[in-house]
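Participant: what would the 3D arrangement of this be:
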Amino acid sequence: MDKIVNSLRPQRIVWPILIGLATSGYLLFRNFDADTFSFVDFTWHTLFFIIVAFSMMAVRDLAYIYRLIVLTEVALSWRQAFNVVMLWEFSSAISPSVVGGTGPAIFFLYKEGLSGGRSTAVVLTAIFLDEMFFILTVPLVYAIYGSNIFPPDSVKIDEIIYAFYGGYIIIFIYTFFLFYALFINPHMFKSFISWVFLFPILTRWRMRARKSANQLIQTSKTIKGKPFSYWLKSSVATIISWTARYWVVNFMLMAFFHERYSLYDHFLIYGRQLSMWIILLISPTPGGSGIAEFVFSDFLGDFIANPSWYAPLAIFWRLISYYPYLFIGVVVLPIWIKRVFRKDTTYKKV
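Facilitator: Numbers count the residues shown, from 1 in each chain. Okay, here's the model as predicted:
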């Protein structure tokens, strides 16, 4: 537990901020000219859609909070679910995207009163729903738009396509194994894990892997037999949360370029963001810092008339959708730690 708490030190927000600012500074320097901020025109129209863009993140968080309440079968209050979601987002924001905040999320739920096995079940189910969203939505968007979901004018189009397919394959394989382990045969999955970690280079992690496999078996027992309403509510909340997150960009662009986009364009922007996130989900940097700003410029550049506007718009996008979680986490974490560690023993809900 101490290791997890130490990994969430507020000082760690410095690195993603520095990486993001350095990348943004480079993009500004590379494309800076007299028109770099000329798109900024704060009218009532602009202010309205900026507020709507911020509200999309609130909708996303509310959907996540509701999903957590559904997955825990109302074992958490709205306040507890809010704390867990904010801290989960904070841990994801300061960790490499490819690692995510899975371990800390289980810890947060455990300290809120759930048992270890149930905490693991909730987190793995949430991850499974998120991954299924990508697994099912990306092919649908590709079937509608084809190669248009990739940036047509990027000089790195080959690298982007390779990263996209590589990321999708990784997510697909991970989701397949998770589905198999959770719903079909968790015991065979445990045997497979035990065999893999017999290799000399992996033996030092064998006990930890076996513990994770045992948690999967317990999770499988927990989620099997859940009613249809359980999956319907949590799935709808998942769709709403991701859609709201993507709409941030749509409404941000509407704030500054409201006469440029048709309905077709907006759905294509949505599809482009699906492709972007496939790449960002396997990012090695904290919260995708640095990489997010680059892929924003590449994937959405043809919707922005002036290349010198890419960097400031990318910065503004991250100010809405990423940096708030860093600062909310810094505020919520000390208060949460003081509360949950107030007593040496924590009440565990059945």
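Participant: in the stretch 51-200 of the chain, where is pLDDT below threshold?
Facilitator: Judged by pLDDT under 70, the stretch 51-200 of the chain has its weakly predicted residues at 97-101, 154-155, 189, 192-200.
Participant: so where do the strands sit in it?
Facilitator: Assigned by DSSP state E, counting those that start in this stretch, the stretch 51-200 of the chain shows no strands.
Participant: quick one, strands of the stretch 251-350 of the chain?
Facilitator: Using DSSP E, counting those that start in this stretch, strands in the stretch 251-350 of the chain do not occur.
Participant: show me the shaky parts of it.
Facilitator: Ranges of the stretch 251-350 of the chain meeting pLDDT under 70: 259, 343-350.
Participant: could you pull out the helices for it?
Facilitator: 263-280, 291-300, 310-321, 323-340 (DSSP state H, counting those that start in this stretch).
Participant: go on, the stretch 101-250 of the chain?
Facilitator: Under DSSP H, counting those that start in this stretch, the stretch 101-250 of the chain gives helices at 102-111, 116-145, 157-179, 186-196, 206-223, 228-257.
Participant: for Asn83, find the nearest of the helices of the stretch 251-350 of the chain.
Facilitator: Proximity to Asn83, assessed across these by C-beta to C-beta, is greatest for helix 323-340 (5.3 Å). For every residue, glycine as well, the C-beta is placed using N, CA and C.
Participant: what angle separates that closest one from helix 310-321?
Facilitator: 20 degrees (axes from the mean of the first three to the mean of the last three C-alpha atoms, to 10 degrees).
Participant: next, the angle from helix 323-340 to helix 102-111.
Facilitator: Using the same axes, to 10 degrees: helix 323-340 against helix 102-111 is 40 degrees.
Participant: other SSEs contacting helix 323-340?
Facilitator: Applying 3 or more C-beta pairs under 8 Å, 6 or more residues apart in numbering; DSSP states H and E, we find helix 323-340 packed against helix 14-31, helix 78-93.
Participant: now do the first one, average pLDDT.
Facilitator: Taken as a whole, helix 14-31 carries a mean pLDDT of 77.
Participant: how about it: buried residues?
Facilitator: Across helix 14-31, burial judged by 16 or more other C-beta atoms under 10 Å covers Pro16, Ile17, Ile19, Gly20, Thr23, Ser24, Leu27, Leu28, Asn31.
Participant: hang on, isn't the third one packed against Glu293?
Facilitator: No. Ile19 is not in contact with Glu293 according to C-beta atoms under 8 Å; the separation is 9.4 Å.
Participant: what about stretch 274-287, distance to the chain center?
Facilitator: How far stretch 274-287 lies from its chain's middle: 9 Å, per C-alpha atoms, centre = their mean, to the nearest Å.
Participant: could I have it exported to PDB, CA atoms only?
Facilitator: Coordinates of each C-alpha in stretch 274-287 appear next as PDB, following Å, rounded to 0.1, in the frame of the first residue of the first chain:
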ATOM      1  CA  LEU A 274     -11.100   7.100 -32.100                       C
ATOM      2  CA  SER A 275      -8.000   6.500 -34.200                       C
ATOM      3  CA  MET A 276      -6.000   8.900 -32.100                       C
ATOM      4  CA  TRP A 277      -6.800   7.200 -28.900                       C
ATOM      5  CA  ILE A 278      -5.900   3.800 -30.200                       C
ATOM      6  CA  ILE A 279      -2.400   5.300 -30.500                       C
ATOM      7  CA  LEU A 280      -2.500   7.200 -27.200                       C
ATOM      8  CA  LEU A 281      -3.700   4.100 -25.200                       C
ATOM      9  CA  ILE A 282      -0.300   2.500 -25.900                       C
ATOM     10  CA  SER A 283       1.700   5.700 -25.200                       C
ATOM     11  CA  PRO A 284       4.800   5.300 -23.000                       C
ATOM     12  CA  THR A 285       4.600   8.900 -21.600                       C
ATOM     13  CA  PRO A 286       2.500  10.000 -18.600                       C
ATOM     14  CA  GLY A 287      -1.100  10.500 -19.800                       C
END
